[in-house]
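1. Pasted the sequence and its predicted model underneath.
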Amino acid sequence: MATYNKRGYKPKTKKEKEIEEEIEVGESTTAEVFESLDQGASRTEEWVEKNQKPILYGIVGILVVVLGYLAYTKFVVEPNEMEASTELSQAQENFTTALETTNTSVQDSLYQVALTGSNGKYGLLDIADNYGSTKAGNLAHYYAGMSYLEIKDYTKAIEHLQDFNADDMILAPLAKGAIGDAFMQLNQADEALGYYEKAAGMNPNDFTTPRFLLKAGVAAIELGQNDKAIKHLTKLKDSYADSDYAAQADLYLGKAQAGN
């Protein structure tokens, strides 16, 4: 039997046939995907219908927690912060008065007033106890620790300064360094050295860093750790040459070098 081609008809190439096959496969796969999605959606709808109450309870629970937190912040935390801040302002004023007085005979009593309060006003200890969760309560620990340091109650100074939490560029290293001062007064130079090193390494700046590098060098000399002393004092001279403390470094550096 004879065969013929229609006018203009061209046999499909192998490449065209492959493309058609790919299209057919793609259409089949797409149909399967949509069918799978439809089945998944149906199962999801069924699950939601079966679990409406637990879902609702869960949403309500989340709302209760969020609203409770907002209410607690608005009606408890914020008022406490304001009260603590008001109380702290008077205690800070008493602390500053004690710090700036030139009459050393009454200085200790002024620090005691800052600690315990007067005229119905809370002192630093009351603020730390009653508002410990507030920023002002936390700051009260710092001032209380510094007050105890000034009146030479070093154990209590350490307790309060260790309870003080801060990432402030100045207060944080000052608190660590003050703990070191208290330990030095208690003849625990090894503990003091550790705190001086922490203070010197916190938030490097031109005010606290050279101060505690010098103190760390002195404590290391007292402990006979001359290599460590040389390291701290050399860093002080090299990195903070314009500091007032750098002028004192040569004296102690000479002692450390002589001890090696």
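-> Received the coordinates, thanks.
2. Name the SS class of Leu174, please.
-> Assigned state for Leu174: helix (three-state reduction, DSSP: H, G, I helix; E, B strand; the rest coil).
3. Now for Ser243, how many residues are close by?
-> The local packing of Ser243 (other C-beta atoms under 10 Å) involves 19 other residues. Yep, even glycine has a C-beta here, placed from its N, CA and C like the rest.
4. Please disregard the earlier target; I meant Asn187.
-> Asn187 has 9 neighbours, counted by other C-beta under 10 Å.
5. separation between it and Ile221?
-> Here the distance between Asn187 and Ile221 works out to 15 Å (C-beta to C-beta, to the nearest Å).
6. secondary structure class for the residue nearest the centre of the chain?
-> The structure's the chain has its C-alpha centroid closest to Asp167; by C-alpha atoms, centre = their mean the separation is 5.7 Å. Put simply, Asp167 is coil when judged by three-state DSSP.
7. Tell me the spacing between it and Tyr131.
-> Asp167 sits 20 Å away from Tyr131, taking C-beta to C-beta as the criterion.
8. what residues are up against Asp242?
-> Going by C-beta atoms under 8 Å, 6 or more residues apart in numbering, Asp242 touches Asp206.
9. Quick check: the gap between it and Pro210.
-> Distance of Asp242 to Pro210, computed by C-beta to C-beta: 9 Å.
10. How about Tyr195?
-> Taking C-beta to C-beta as the criterion, Tyr195 is separated from Pro210 by 16 Å.
11. cool, Leu149 as well?
-> Computed with C-beta to C-beta, the distance linking Leu149 and Pro210 is 20 Å.
12. Can you pick out the residue with more neighbours from the two?
-> Counted by other C-beta under 10 Å, Leu149 and Pro210 do not tie: Pro210 has more neighbours, with 25 against 21.
13. The more buried one sits in which helix or strand?
-> Here Pro210 is covered by helix 208-222, with elements defined by DSSP states H and E.
14. Just the buried residues of that helix, please?
-> When neighbours are counted by 16 or more other C-beta atoms under 10 Å, the buried residues of helix 208-222 are found to be 208-221.
15. again, but for stretch 125-135
-> Leu125, Asp126, Ile127, Ala128, Asn130, Tyr131, Thr134.
16. I'm done for today, thanks for sticking with me.
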